[in-house]
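In: Build me a model:
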Amino acid sequence: MAPAQAPASASRTKPRQHTLAGPVRVRGKGLLSGIDADLEILPAPAGHGIVFERSDLDPPVRIPARVEHVVVRPRRTVIKSGDALIETVEHCMSALAGLRVDNALLRLHGPELPAGDGSALPFAEPMLAAGLVAQDAERIIHRLRAPALCEDPDGAMIAAFPSDGELMRVVFDLDYGKNAHRIGPQGWSFDLATGDYLREVAPARTFSLKEEAEALIAAGLCTHLTPRDVLVIGEDGPIDNEFRFDNEPVRHKVLDAIGDLYLIGAPLQCRVLASRAGHGLNRRLGLEIVHRIKAANQAASLGTGRVMDARAITRLLPHRYPMLLVDRVLELDGSRRAVGVKNVTMNEPFFPGHYPGQPIMPGVLIVEAMAQLSGLLLAQTLEHTGKVAVLLSLDGVKLRHKVSPGDQLVMEAETVTANSRSATVQCRASVAGKTAAEAKIRFMMLDADAEIE
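Out: Reported below is the predicted structural model:
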């Protein structure tokens, strides 16, 4: 990356986290919806990460820019929390990754980010003009330890491999098959550590074939656009437009991959190889990498001690054996996130009566264990001191994998919303890295001496 984009304080051995030196504003219409959007990108403290906020909702809803919040939609990347959606985040995320912005709050008035010309320039240029500042915290860079591969039956694939490079290098092979006479085979690679993101990647625009654009318009999308506004490719090349690079389509695919993979929550040190991959495959690879990172962190926590042992747990939870289902807490990130474990043994009181021939842990108890960990997480907030989290409702409960004697159930709880009277927590439980259950749990916060009816 050129010196103007890589702050001098970001050394190779101990790079620092960075945020914006001042606020940035980007206005325009959403790419697909055409709805007016007003985006404000604000500086944020070290450790904050990239967080979006739907400021037009009452109350405003914050959505961390994490792959766990990504939902599948055609031709774009969408993040969601509850009923709140933010559409087409990939170009902005790519700009944040390319400029090495670690912490920012992005306040959006509208359901979709402004599109500009369909590239990352509308976000990258004003951020670069505002400038970046180093923060008093070391940058967390995840180093991939083993290969990861995701592929579709049609042959599209994306894979990540360990690398000695400083950051992520993306190698993309674009092949449009029967439409190769319009978009010829293209291959290109870009290294985030050494390449000039602003010149080589950011200007590359999103594109579509003429018939794809017509299908979008027929579906009521992109009706505000003409081929002069975006890159539409006909039989003889761009319609009423020109390529910015001879290989602009493959460069935009690299742009998308950089943005989608920044949703793992931190920079990644690896080499990415992709062939005909899109947002769906990028999401799957990101989820696989996140699960590996969490499993490695949890394994490390098991060998380094406990954040909260059984005695500390019983001081915060009213539950006792046999209904106390959290053995220890491995990780507490303030009131934002917690990781805990339940060691499942053959001596559990429910096994003699629950499928005794092939004992499995009841799904309702897995949910109860996640709820108890959530209660411990919520107890870290000062306004919840002296209160008990009482389960109010469950949403999106899915039981995906059996839990048997000898398993260690690893639970994760992440706060979605919380105030003095109620809270919502997104939970996941896994065994050996495989998801066993997940649920969004809503709690009512009651005084510890209040009568529970």
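
In: I'd say Arg337 and Glu414 touch.
Out: Yes. Counting by C-beta atoms under 8 Å, Glu414 is a contact partner of Arg337 at 4.8 Å. Backbone N, C-alpha and C define where each C-beta goes, glycine included.

In: higher neighbour count, the two?
Out: More crowded of Arg337 and Glu414, by other C-beta atoms under 10 Å: Glu414, with 19 against 16.

In: Just give the closest residue to Asp56, not the sequence neighbours.
Out: His109 (4.5 Å; C-beta to C-beta, 6 or more residues apart in numbering).

In: ok, that neighbour - contacts?
Out: His109 sits next to 37-39, 55-56 when contact means C-beta atoms under 8 Å, 6 or more residues apart in numbering.

In: How about the contacts made by Ala65?
Out: Listed by C-beta under 8 Å, 6+ apart, the contact partners of Ala65 are 49-52, 79, 89, 93, 106, 262-263, 265.

In: Tell me the one of those nearest Glu331?
Out: Each of the contacts of Ala65 was scored against Glu331 by C-beta to C-beta, and Gly265 proved nearest at 14.4 Å.

In: Roughly how far does that closest one sit from Leu96?
Out: Gly265 sits at a distance of 12 Å from Leu96 (criterion: C-beta to C-beta, to the nearest Å).

In: ok, the residue positioned nearest the centre of the chain to Leu261 distance?
Out: In the chain, the C-alpha closest to the average C-alpha coordinate belongs to Arg66, at a distance of 1.5 Å (C-alpha atoms, centre = their mean). Using C-beta to C-beta, one obtains 12 Å as the distance from Arg66 to Leu261.

In: again, but for Gln135
Out: Taking C-beta to C-beta as the criterion, Gln135 is separated from Leu261 by 22 Å.

In: rewinding a little: ok, the residue nearest to the residue nearest to the centre of the chain when sequence neighbours are not counted - contacts?
Out: Using C-beta to C-beta, 6+ apart and skipping residues adjacent in sequence, the residue nearest Arg66 is Gly265, 5.2 Å away. If a contact means C-beta under 8 Å, 6+ apart, then Gly265 has 49-50, 64-67, 290 as its contacts.

In: now do Pro359
Out: By C-beta under 8 Å, 6+ apart, the residues touching Pro359 are 346, 351, 404-405.

In: Secondary structure element holding it?
Out: When elements are assigned from DSSP states H and E, Pro359 belongs to no helix and no strand.

In: Kindly state the pLDDT recorded for it?
Out: Model confidence at Pro359, expressed as pLDDT, equals 92.

In: quick one, phi/psi of it?
Out: With angles defined as degrees, to the nearest 10, Pro359 sits at phi -60, psi 130.

In: do the same with Gly375
Out: Dihedral angles (degrees, to the nearest 10) for Gly375: phi -60, psi -40.

In: residues contacting it?
Out: Residues counted as contacts of Gly375 (C-beta under 8 Å, 6+ apart) are 316-317, 388-389, 443.

In: quick one, helices of the protein?
Out: Assigned by DSSP state H, the chain shows helices spanning 90-98, 121-130, 197-200, 210-218, 248-261, 279-304, 310-316, 363-378.

In: Which strands and helices lie in contact with the shortest one?
Out: Looking back up the chat, that one is helix 197-200. With contacts defined as 3 or more C-beta pairs under 8 Å, 6 or more residues apart in numbering; DSSP states H and E, the secondary structure elements packing on helix 197-200 are helix 121-130.

In: Counting by contacts, list what the helix it packs on packs against.
Out: Here helix 121-130 is seen to pack against strand 24-29, strand 36-43, helix 90-98, helix 197-200 when contacts are counted using 3+ C-beta pairs under 8 Å, 6+ apart.

In: Would you format these as TSV with mean pLDDT, distance to Leu376 and mean neighbour count included?
Out: What follows is the helices and strands packed on helix 121-130, written out as TSV (pLDDT from 0 to 100; distance: least, C-beta to C-beta, whole Å; neighbours: other C-beta atoms under 10 Å):
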stretch	mean pLDDT	distance to Leu376	mean neighbour count
strand 24-29	96	38	17
strand 36-43	96	31	19
helix 90-98	98	32	28
helix 197-200	97	41	19
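
In: what's around the nearest residue to Leu409 once chain neighbours are set aside, how many residues?
Out: Leaving aside its chain neighbours, Leu409 sits nearest to Lys342 (4.3 Å; criterion: C-beta to C-beta, 6+ apart). The criterion is other C-beta under 10 Å. On that basis, Lys342 has 25 neighbouring residues.

In: thought Lys342 was touching Leu365?
Out: No. Taking contacts as C-beta under 8 Å, Lys342 lies outside contact range of Leu365: 9.0 Å.

In: Roughly how far does Ala148 sit from Ala202?
Out: When C-beta to C-beta is applied, the distance between Ala148 and Ala202 equals 27 Å.

In: Which one's more surrounded, those two?
Out: Set Ala148 next to Ala202 and count neighbours by other C-beta under 10 Å: Ala202 wins out with 25 against 21.

In: Name all residues that make contact with the more buried one.
Out: Taking C-beta under 8 Å, 6+ apart as the contact definition, Ala202 lies against 94-95, 98, 119-121, 124-125, 255.

In: Check the offset of stretch 392-407 from the chain's centre.
Out: The chain centroid and the centroid of stretch 392-407 are separated by 22 Å under C-alpha atoms, centre = their mean, to the nearest Å.

In: mind checking the end-to-end distance for it?
Out: For stretch 392-407, the first and last residues are 29 Å from each other (C-alpha to C-alpha, to the nearest Å).

In: got it, and stretch 72-90?
Out: 13 Å.

In: Give me the more crowded residue out of Gln135 and Leu261.
Out: Using other C-beta under 10 Å as the criterion, Gln135 and Leu261 rank with Leu261 on top: 26 against 20.

In: ok, and the closest non-adjacent residue to the more buried one?
Out: For Leu261, the nearest residue in space outside its immediate sequence neighbours is Gly286; the separation is 5.6 Å by C-beta to C-beta, 6+ apart.

In: quick one on the thing from earlier: kindly reformat the helices and strands packed on helix 121-130 as CSV containing distance to Asp236.
Out: Putting the helices and strands packed on helix 121-130 into CSV (distance: least, C-beta to C-beta, whole Å) gives the following:
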stretch, distance to Asp236
strand 24-29, 28
strand 36-43, 33
helix 90-98, 27
helix 197-200, 26
